[in-house]
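*Asks:* This is a predicted model, with the sequence first.
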Amino acid sequence: MRAFAFAVLGCLTFVASPLLAQDDNGGGEIIVTGMRNSLSRNVTSIEAQPPVIGLKRLADSAVRTIEIVSDSREEEMRKREVQAMLLDAIDRAKRDGFSLVTGQFELVEVTRANWQDQFPALAGKADSASDDEDDEGDKAQPAFEDDGRTATVHLKVKTKLVGSIGSAQQKINGFVKSVPATGRSQIQQKGELALTIINPEQYRDEIYRRIAAGSQHAVTFYGPEYGLEVTGLDKGIAWKQVSNTEVFLYIPYAFTVRK
């Protein structure tokens, strides 16, 4: 039997932890920070090239990390100032079509109803130190922290991606400037814009169709005595940013033409 094996491009290699299915398998809004997999967030991945066949689409939103900080002398004053600015930002975001969100990987919207749960240390519910780990297995950054000199709230502002990435940044700049300071508090933008996708698993059937069409087309270059074997379709949806505004979603599949 002769077989022509097509390379498994874009297959994720996992270190230490196995690929495990999760209950929330990519159903929420996900930050695209490189190659990830919708069925497992508690793994360390080594980036590889994605396969040729997949789905390229416009990202759903753009997000920018922000910090609300105060360096007032008294600790309680610092807390009051960043809390007041946070609540004002929540109200303005809702009014102006933005969202304030938290999360390293899957985003959670911050609202008047849940802000104390998202920032328990700021609300006086817990210490600011945290032993939780993020999705990469590293110690997660506290949502709120006070080092004795500066109080800092870590979160993100999200806007729907319509048009260019520059337009999204301009809108976020305008929102940040619109939030008035309280005392010595201020908002600082950090890092670069990131893209998000909503529920990557919703694109599984479309990716299946594209893999089927591509593999069936490939086998037509051989004789009628050749057949096709496709593997890897049970793997999770993976994704990668491929331009300023687009993401590429794929399954790390492989197919083999056999005689």
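*Replies:* Right, received. Where do you want to start?

*Asks:* in terms of contact, does Lys171 touch Lys160 like I think?
*Replies:* No. Checked against Cβ atoms under 8 Å, the pair Lys171 and Lys160 is beyond contact range at 9.1 Å. C-beta here means a position set from N, CA and C on the backbone, and glycine is covered the same way.

*Asks:* The two - which one has more neighbours?
*Replies:* Applying other Cβ atoms under 10 Å to Lys171 and Lys160 shows that Lys171 carries more neighbours, namely 19 against 14.

*Asks:* Confirm the more buried one sits in a strand?
*Replies:* No. Per DSSP: H, G, I helix; E, B strand; the rest coil, Lys171 lies outside any strand segment and is helix.

*Asks:* so what's it closest to, chain neighbours aside?
*Replies:* Thr159 (5.1 Å; Cβ to Cβ, 6 or more residues apart in numbering).

*Asks:* And for Glu75?
*Replies:* Closest to Glu75 by Cβ to Cβ, 6+ apart is Asp146, at 6.2 Å.

*Asks:* how much space between the one you found and Ile197?
*Replies:* 34 Å (Cβ to Cβ, to the nearest Å).

*Asks:* try Ser72
*Replies:* For Ser72, the distance to Ile197 equals 39 Å [Cβ to Cβ].

*Asks:* higher neighbour count, the two?
*Replies:* Neighbours per residue (other Cβ under 10 Å) separate Ser72 from Ile197, with Ile197 holding more: 24 against 19.

*Asks:* Enumerate every residue touching the more buried one.
*Replies:* With contact taken as Cβ atoms under 8 Å, 6 or more residues apart in numbering, Ile197 is in contact with Glu29, Ile30, Val32, Arg57, Ala59, Asp60, Trp239, Val247, Leu249.

*Asks:* can I assume the residue nearest to Lys171 is in contact with Ala59?
*Replies:* No. The pair Thr159 / Ala59 is not scored as a contact, 11.3 Å apart, by Cβ under 8 Å.

*Asks:* just for the stretch 1-150 of the chain, where's the confidence low?
*Replies:* The stretch 1-150 of the chain contains residues with pLDDT under 70 at 1-26, 33-48, 126-140.

*Asks:* residue ranges for the helices of it, please.
*Replies:* 75-96, 115-118 (DSSP state H, counting those that start in this stretch).
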